[in-house]
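Asks: Need a 3D model of the following:
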Amino acid sequence: MFTLETAAAQARSSPSTSIAPRADTMRPRVDAFPIPCDHPRPPTNGRSPPATTRNPTDMDDAARKTALRMIPYGLYVMTAEHGDEIAAATVNWVTQTAFAPPLVVVGVKVDSGAYTVGRAAGHFALNVLGKGQQGVAFGFFKPAEKDGNTISGEPYRKGSTGAPLLDNAIASVECRLVEVVERGDHHIFVGEVVDAHVARQPEGRPDEAVLEIEGARQQRLLRRLRSAQAGPSCATRRAAHAGPARRPAARRTRRGALRWSIACSVVPV
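Replies: All right, here's what the predicted structure looks like:
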């Protein structure tokens with residue numbers, strides 16, 4: 001009869017046997033045979049080495065400008081009022097980012113009056129400009145001046161939020177400022193649309209009725225005018241350079257669209 005005592009006795013009387021090691025334990029350690037290298041490897045502390053990042057200064061400046069100019073945009077007049085202060089400025093970095101609630105974002109230059117007044121007021125309006133309203137757009141590249149019921153010569157009325165609404169704009173939206181993203185020389189105003197107005201219905205698609213900057217020459221002009229908002233006036237710069245006084249001029253192209261030229265060309269493009 002086989003019992004546990006019998007099995008124990010047989011185990012004690014039999015010679016000791018060794019258990020073969022597992023195959024995976026016979027593999028040499030990775031660090032047992034160092035790989036020749038001209039440069040020592042930095043310690044990783046058990047983590048993967050960081051990915052190689054490209055220095056931003058290595059970017060092709062011409063390619064960057066060309067690629068970013070391919071992003072389409074329209075022209076709008078951002079308006080705001082706080083106490084006795086009123087501001088109106090042409091902006092073009094505008095887009096919708098959400099449906100519910102309806103949100104729009106605007107890139108606003110940090111040293112502009114629109115930024116100061118809009119942030120203090122907590123609300124602002126975006127006045128949409130239509131085709132042929134280049135003069136209105138360029139009129140708000142300088143600090144706004146209030147005279148009765150006009151801002152820089154444009155009639156306006158107050159909206160439900162108190163923000164000024166231009167009478168000649170084809171549409172406008174009133175926004176409550178819900179957040180400011182502070183990055184770069186333009187901060188991002190995130191506005192929740194709380195009211196909307198349409199002065200006249202577009203004949204075709206709504207986005208085709210918006211005034212847009214087209215062509216490299218008009219884009220250069222837009223950048224020069226934007227730079228002039230925060231700096232000295234063109235007249236002051238011309239006097240400092242002792243150059244001949246010239247006035248902005250406009251001429252018609254073969255298509256009949258206005259192309260604007262400006263004598264204040266001290267800002268590099």
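
Asks: contacts, neighbours, all on C-alpha from now
Replies: Fine.

Asks: Please report phi then psi for A62.
Replies: phi -70, psi -40 (degrees, to the nearest 10).

Asks: Oh, that last question was meant for E208, not what I typed.
Replies: phi -80, psi -10.

Asks: pLDDT value on it, please?
Replies: Note for E208: predicted pLDDT of 83.

Asks: what's the distance between it and A121?
Replies: Plainly put, E208 is 31 Å away from A121 if you go by Cα to Cα, to the nearest Å.

Asks: again, but for W93
Replies: Distance, W93 to A121, by Cα to Cα: 21 Å.

Asks: Check F140 too.
Replies: Separation of F140 from A121 (Cα to Cα) stands at 19 Å.

Asks: Mind listing what's buried along whichever strand or helix holds P155?
Replies: Element membership of P155 [criterion: DSSP states H and E] is strand 154-158. For strand 154-158, a neighbour-count test (16 or more other Cα atoms under 10 Å) marks 154-156 as buried.

Asks: what does stretch 84-94 give?
Replies: Buried residues in stretch 84-94, defined by neighbour count with 16+ other Cα under 10 Å: 85-94.

Asks: Please apply the same query to stretch 107-122.
Replies: In terms of neighbour count (16+ other Cα under 10 Å), stretch 107-122 has its buried residues at 107-110, 112-119, 121-122.

Asks: about what we covered before: can you pick out the ones from the buried residues of stretch 84-94 that are in strands?
Replies: 85-91, 94 (DSSP state E).

Asks: what's the strand holding P155 packed up against?
Replies: Strand 154-158 is packed against strand 164-166, with contacts defined by 3 or more Cα pairs under 8 Å, 6 or more residues apart in numbering; DSSP states H and E.

Asks: List of residues touching stretch 160-173?
Replies: For stretch 160-173, contacts defined as Cα atoms under 8 Å, 6 or more residues apart in numbering pick out 79-81, 123-130, 154-159, 174-175, 193-200.

Asks: Mind checking which of the residues you listed are buried?
Replies: 79-81, 123-130, 154-156, 159, 174-175, 193.

Asks: Domain map for the chain?
Replies: Domain ranges of the chain: 72-209, 216-261, per automatic domain parsing.

Asks: winner for burial among the ones you listed?
Replies: For those, the largest average neighbour count (mean count of other Cα atoms under 10 Å) is found in domain 72-209, namely a mean of 18.

Asks: three-state assignment of A67?
Replies: Assigned with DSSP: H, G, I helix; E, B strand; the rest coil, A67 falls in the helix class.

Asks: Model confidence for it, exactly?
Replies: On the pLDDT scale, A67 gets 91.
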